[in-house]
Each structure stands twice: as structure tokens, then as C-alpha cells.
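K.L.:
here is the input, now give the coordinates:
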Amino acid sequence: MSSPAASSSAPPGAPCPPRAATTLATVSLWDLTDPARPDRGRTLKAGEPVNALAFSADGNILAAGVRDGSVHLWTGVASDRPTRLGKPLKGPAQPVMSVAFSPDGSTLAAGSADRTVHLWNVTHPKTIGLLGLGR
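P.N.:
Numbers count the residues shown, from 1 in each chain. This next block holds a predicted model:
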């Protein structure tokens, strides 16, 4: 994929993350470098229907909240070779309905249909750990 495009709300020339769309258990990445000619990139497989997506602030990590209560992570989503970042994160007992990264990218939050929010420290991908659980 080429470098990500600037969106209409970003200053001219400012980078922004690639865009993603989901259908059932797959996520399609789109390169919007030229908004007039969007280029479909890789398709990522989550294994279960995806309910929510979020990019990290730098646009390099994509989180997908899944119906089975897990969160899948991919790194390198702005490149031609996105790769799964470890095993899916587990915690919620019901489907994950929302995911969001903190502004500095160190924390990932996942809101579940069981009315819980799980927080993970994603600073070091090899040692991602649960920070807390809230109701």
C-alpha cells in the first residue's frame, strides 16, 4: 500500500491512517492516497463477525472487536504486509461492541455487551497485559 492519504478534515499533506471496512468476519483495508481512486488493499480475517474497529493514533495498529468477546490486533496496516499481533485478547464474556486506543497509543479499551470495559497495556506487543476491568 502507498502511504495513507490526508482526509478532508486534515491539513493538506498531513498523513492519516488507512481506512477499513468490515463485512462479517473480514476487514478490508483501503488506501485513500488518491481519494478519487481508492485502492483496496489486504483483507484481514478475524474468524468471527467484527463489531468494532479502531486504529492507533499512528495508524500502524488496527484493533477489531469481535462477536466472540475477543479483540484482534494487526500491526503494519499502513504497509503491504499487515500481520496479526499475537493471539486475540480475551476478557469480555459477551461480544465486544466498541474499541478505542488512548491518544498516546499505550492503552486499548474494549466495551462489551456485558456492560464491562476491559483495558489493556499495548505498549509492548509481546507482553500485552490486562490493566483493569470496569462496570
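K.L.:
quick one: low-confidence ranges for the chain?
P.N.:
Where the chain drops to pLDDT under 70, the residues are 1-23, 125-135.
K.L.:
can you do 80?
P.N.:
1-24, 41, 78-80, 124-135 (pLDDT under 80).
K.L.:
run through the bridge partners of residue 118.
P.N.:
residue 110, residue 133 (DSSP bridges).
K.L.:
what count of nearby residues applies to it?
P.N.:
Applying other CB atoms under 10 Å, we find 22 residues neighbouring residue 118. Using the backbone N, CA and C atoms, a C-beta is placed for each residue, glycine as well.
K.L.:
do the same with residue 70
P.N.:
20.
K.L.:
check whether it really touches residue 88, as I assumed.
P.N.:
Yes: with contact defined as CB atoms under 8 Å, residue 70 reaches residue 88; the gap is 3.9 Å.
K.L.:
pull the number of nearby residues for the residue nearest to residue 76 when sequence neighbours are not counted.
P.N.:
Residue nearest to residue 76 in three dimensions, not counting chain neighbours: residue 82, with 4.8 Å by CB to CB, 6 or more residues apart in numbering. Look at residue 82: counted by other CB under 10 Å, it has 22 neighbours.
K.L.:
check residue 105 too.
P.N.:
Residue 105: 15 neighbours (other CB under 10 Å).
K.L.:
sec struct for it, please.
P.N.:
Following DSSP: H, G, I helix; E, B strand; the rest coil, residue 105 is assigned to coil.
K.L.:
can you pull the contacts of residue 98?
P.N.:
Residue 98 makes contacts with 51, 52, 65, 109, 110, 111, as judged by CB atoms under 8 Å, 6 or more residues apart in numbering.
K.L.:
what ranges does the chain have for its helices?
P.N.:
In the chain, no helices are defined using DSSP state H.
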